[in-house]
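Engineer: mind folding the following:
(4 chains)
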Number of protein chains: 2
Amino acid sequence: MAGDAEATRRRLLDAAAKEFAEYGIAGARVDRIAAAAQSNKAQIYHYFTNKDGLFDAVMRELAGHTVREAPIDAADLPEYAGRLYDRFAADPVMARLANWYRLEGSGYAAVDLVVASTRDKLAAVTKAQEEGLIPDRFTPVEVLALVVHLSSLWFAVTPEMGLLTEDIPHERRREVVVAAVRALLRD
Amino acid sequence: MAGDAEATRRRLLDAAAKEFAEYGIAGARVDRIAAAAQSNKAQIYHYFTNKDGLFDAVMRELAGHTVREAPIDAADLPEYAGRLYDRFAADPVMARLANWYRLEGSGYAAVDLVVASTRDKLAAVTKAQEEGLIPDRFTPVEVLALVVHLSSLWFAVTPEMGLLTEDIPHERRREVVVAAVRALLRD
DNA sequence: AGGAGCTAACCAACCAGTCAGTTAGAAGGT
DNA sequence: ACCTTCTAACTGACTGGTTGGTTAGCTCCT
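Structural biologist: Numbers count the residues shown, from 1 in each chain, chains lettered A, B, ... in the order given. From the prediction side, this is the model:
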């Protein structure tokens, strides 16, 4: 167990992702992360400088993962939304983290990888619209915002609404997201 | 200044709403709230028992406001989504608070007023669907979830996407929300 | 020997919550 | 009018526990 720096870093990152997902940045406890990773608090500061640095590392990795696993297909945005939904569903930690990032992360520099990827997506949507694959009721940015937002439908419900939706099975949830995007983009 | 209990309570609630909206529950500082309300920390504990009690009071009031100001009209859900959007847009504090509540509030008992209001909304949608005013592609819960979720479209964008959407004017944002809901509910 | 990886113990700052006491005004007696 | 009593509203100073961050030193491998 001792002596493997890379493995320790991994355990710390994983534990941090869970902790941040559960409690947010302000609510997360460095001691808990160290304990959950079966490591030590000082190691966190050695590898990640400070709490913010740790959060940053978690977000950066997560963004990379998502960008890689859910490539956009502007010709089939409903399916793209479905893939984003899959990604959220496969990793509930990630869905919450994204939300925390939105609320607490405004001070942080926007993750450059995400900025670049967003630019690419926008270009893809613009091109598809010019080719007539997407109706022009909405501008490209609007389309992108709608698609991304809809893909997080089931991960952004209030506790009260959650009581009513908890019985909806996986496949149906995905269907709803895909169908909703399809409906938006019909002529 | 001294001796007006009701006024003091108000100032504390208003200051708390702002503080919680900015920093969340874990990040909010009781001292800052007391100072901003030009009151005293002990008063907070006198009126609201503890930090959680204060957050609860803030949420309860907010929910009441929203339920009252944005009554559902199941026969015209696009316009209902528009009203919800208006409410968010008119009070940015409230938009953020709702988000914090989703993430941090799971431990809290669901606000009963909201539970009741959600039940009513669901009944209204169900009835409208039976009357053929709403297509049956989605179940009533799904429709409600979609409409509510779409109304928060512009208040749930990532910082990265925010850079691209910040120039979209108010009226257009509202239009997008309304048009999106309309598209969802077309036959 | 020496360095990379690791740990227990420690510290200063911070923060939710408490408490003993003060102020301001109302009520009531004379 | 004046004094006394009572009370709701308020306050500044304090506390006990927590938290992010540090440090001195240990272990193990080459």
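
Engineer: can you pull the contacts of A:L97?
Structural biologist: A:A17, A:F20, A:A21, A:V58, A:M59, A:L62 (CB atoms under 8 Å, 6 or more residues apart in numbering or on different chains). The way it works is simple: take the backbone N, C-alpha and C, and place the C-beta from them, glycine included.

Engineer: could I get the contacting residues of the fourth one?
Structural biologist: Listed by CB under 8 Å, 6+ apart, the contact set of A:V58 reads A:L13, A:A16, A:A17, A:F20, A:L97.

Engineer: next one: the second one
Structural biologist: When the contact criterion is CB under 8 Å, 6+ apart, the partners of A:F20 are A:A28, A:F55, A:V58, A:L97, A:W100.

Engineer: show me the strands in chain A, by range?
Structural biologist: Counting by DSSP state E, no segments of chain A form strands.

Engineer: tell me where the model's unsure across it.
Structural biologist: Confidence mapping of chain A against pLDDT under 70 gives the ranges A:1-3, A:107-110.

Engineer: DNA strand D contacts on that one?
Structural biologist: Applying CB under 7 Å from any atom of the strand, we find that chain A lies next to DNA strand D at A:A2, A:G3, A:A28, A:R29, A:V30, A:D31, A:K41, A:A42, A:Y45, A:N50, A:K51, A:D52.

Engineer: can you give me the end-to-end span of stretch A:99-112?
Structural biologist: End-to-end distance of stretch A:99-112: 18 Å, with CA to CA, to the nearest Å as the criterion.

Engineer: does DNA strand C sit close to that stretch?
Structural biologist: No - on the criterion CB under 7 Å from any atom of the strand, stretch A:99-112 is out of touch with DNA strand C, staying 14.5 Å away.

Engineer: now do the buried residues in that stretch.
Structural biologist: A:N99, A:W100, A:Y101, A:R102, A:L103, A:E104, A:G105, A:A110, A:V111 (16 or more other CB atoms under 10 Å in any protein chain shown).

Engineer: which members of those residues are positioned in helices?
Structural biologist: If you go by DSSP state H, the buried residues of stretch A:99-112 have A:N99, A:W100, A:Y101, A:R102, A:L103, A:E104 in helices.

Engineer: from the contacts of A:F20, pick the one nearest chain B.
Structural biologist: Nearest to chain B among those, counting by CB to the nearest CB, is A:W100 at 6.5 Å.

Engineer: could you measure from the closest one over to A:G27?
Structural biologist: A:W100 sits 9 Å away from A:G27, going by CB to CB, to the nearest Å.

Engineer: now swap in A:S152 and tell me
Structural biologist: 21 Å.

Engineer: check A:E19 too.
Structural biologist: Counting by CB to CB, the separation of A:E19 from A:G27 is 9 Å.

Engineer: ok, A:V178 next?
Structural biologist: Look at A:V178 and A:G27: by CB to CB, they are 34 Å apart.

Engineer: for A:T126, same thing?
Structural biologist: A:T126 sits at a distance of 40 Å from A:G27 (criterion: CB to CB).

Engineer: sorry, back to before: mind listing which of the contacts of A:L97 are in helices?
Structural biologist: Here DSSP H is the test, and the contacts of A:L97 give A:A17, A:F20, A:A21, A:V58, A:M59, A:L62 as lying in helices.

Engineer: more neighbours, A:E19 and A:G27?
Structural biologist: A:E19 (25 against 17; other CB atoms under 10 Å in any protein chain shown).

Engineer: residue contacts, that one?
Structural biologist: Counting by CB under 8 Å, 6+ apart, A:E19 has contacts A:A28, A:R29, A:R32, A:I33, A:A36.

Engineer: give the buried residues for stretch A:127-138.
Structural biologist: Neighbour-count burial for stretch A:127-138, counted by 16+ other CB under 10 Å, picks out A:A128, A:Q129, A:I134, A:R137, A:F138.
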